[in-house]
Each structure stands twice: as C-alpha cells, then as structure tokens.
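**Q** how would this look folded up:
(2 chains)
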Amino acid sequence: MSEPTPATRSIVIERTMPHPPEKIWRALTRAELIGEWLMENDFEARAGATFTFRTKPRGNWNGIVQCEVTVFEPPTRLVYKWKGGTVQNAAPGSALDSAVEWTLTRVAGGTRVRMEHSGFRPQNESAYTTMSGGWPRVLERLENIAAERA
Amino acid sequence: MTAATNALFKTLADPTRRSLFERLCREGEQTVWRLTRHARISQPAVSKHLAALKAAGLVRDRRDGRETHYRAEPQALTPLVDWMGFYSAFWRDRFDRLENLLQRMDQR
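**A** Prediction:
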C-alpha cells in the first residue's frame, strides 16, 4: 500500500487597511514599492513573468526566492509561485515549493487585504511536538552557527 | 516525516553527539584526539558517535596519516528547517511594513 500524500498547510493573514484597493495594489505590484516593505526584487507586472526576491541568507537558506506571476488581475487578485530552499542540497524537505495569493476586497472605510501562503508540507511537525522540549531552540542555534561560518 | 529527517532527529537526540556536532560547527575541522580531550568519554566512544554522525550525513571525515579529521556538514540540517514557523513571523512583520508604507504614500 502506498502512503497517502500529506496535505499541505497554509499561512493566512487578513487585515483591513484604511486605503483604497488601487493604492494597495500599487504597493503590491511596483518593484520599487515592493522593495520598501517586502524584499529587494525584480518584479514584473504581468502574468507569466518570472522574478526573484532577495534577502539576507538565513542558516542554510541562501535568501533567494524564485517566483512566477500566475494570476494578475488588478486591483483584486495577485498570485505568485514562491520557491525557496538551498539549491546545493537536494535533501527531502529542504526545498519550499509554495504559492502566495493576495486578495483585495473593497469594504467600508478601506480594503480587506488577505494573504495566503500555501504549500507547506508538515514534514517535521510531529518531530517538534513529540521530542522533549528545546528542539527549535537547538536547531536555531545550530543554524546560526552554520550561518556565521558560511 | 521522511526517513532522512527521522534519522537526523534520532542522531541528534543524543546530547553527546549533539555537543560533538556543535563543537565541529563552531570550531571547524578537528581530529578525533582533540575532540576526545573535550568530551568526558573515551576515544572509542567518541569515534562511535562520530560514525553515527557520519552515517546521518552530519559530518565528513578525512584521513591524514594516522589521524582522522572530522568536519561538520551543517547543510544536512536543512530538512529540519521549519519554513512555516519562519514565514508566520515573516509575514506578520511584512504586513506591518506594508501598512507603514501605505501611510507614507499618503504624504508623498
């Protein structure tokens, strides 16, 4: 019998902001504005465009996110693929193959902003919860040491 | 959890092994002899732990005459990276920055 594919999980953040959708759309889709709040990037405002986000490397992650715009519907819906992880290490679970979806809905007094980052595999969740305490801290420390030496 | 991730957790669950691995991460390549001096166990015991770390891909060894040198392979930890925990904090912070930017755009 083959193992069932584990379901993926999402991070969802929703906030109402006192600004019109058009203005928020600009902040989400203009490279220089995106750079001011998210990450340095070479975003292109069209469906099918590939681009990268760049940030400080963290642990064994090189800080580069490979993206591709899959949905571009001004000023309400924007989706891009979000792939990260280390290229030099093909170990299972090291890569993140996910997607980020933005939905802007006009509401009284502003815009409901919803972000869903989906595609997280629950690979080490059970390990974190069943191992007796301190695992995340130990790993964080090891990652920091590794980063310092990188 | 994959078999590889399981093996990593099992290997690092032992405190002696973890401290050997952390020492190699922190101080770079070392001989078994030097590692033994710092550990409170015998040299054969240190070698046994190093063999377990090697089997899990966490260290690499190199023969040099009669000495064996070990060094850490910290990228073996990558499967344990908690992306979801990382991005939960990341996006909350970025939402704050987005709101801040939107306010500044008003003043432009």
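
**Q** so for chain B, the centremost residue is which one?
**A** B:P74 (4.5 Å; C-alpha atoms, centre = their mean).

**Q** does that one touch B:E22 like I think?
**A** No: with contact defined as C-beta atoms under 8 Å, B:P74 does not count as touching B:E22 (10.1 Å). All C-beta spots, glycine's among them, are computed from the backbone N, C-alpha and C.

**Q** so where's chain B shaky on pLDDT?
**A** B:1-5, B:75, B:78-82, B:107-108 (pLDDT under 70).

**Q** which residue ranges of it form helices?
**A** With DSSP state H as the criterion, chain B has helices at B:3-12, B:15-27, B:32-38, B:43-55, B:83-107.

**Q** just the CA atoms of the fourth one, as PDB, please.
**A** The reference is to helix B:43-55. In PDB, the C-alpha atoms belonging to helix B:43-55 read as follows (Å, rounded to 0.1, in the frame of the first residue of the first chain):
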ATOM      1  CA  GLN B  43      38.300   7.800  22.400                       C
ATOM      2  CA  PRO B  44      36.500   4.700  21.100                       C
ATOM      3  CA  ALA B  45      33.200   6.200  22.400                       C
ATOM      4  CA  VAL B  46      33.900   9.400  20.600                       C
ATOM      5  CA  SER B  47      34.700   7.500  17.400                       C
ATOM      6  CA  LYS B  48      31.400   5.600  17.700                       C
ATOM      7  CA  HIS B  49      29.400   8.800  18.000                       C
ATOM      8  CA  LEU B  50      31.300  10.300  15.100                       C
ATOM      9  CA  ALA B  51      30.500   7.300  13.000                       C
ATOM     10  CA  ALA B  52      26.800   7.800  13.800                       C
ATOM     11  CA  LEU B  53      27.000  11.500  12.800                       C
ATOM     12  CA  LYS B  54      28.700  10.500   9.600                       C
ATOM     13  CA  ALA B  55      26.100   7.900   8.700                       C
END
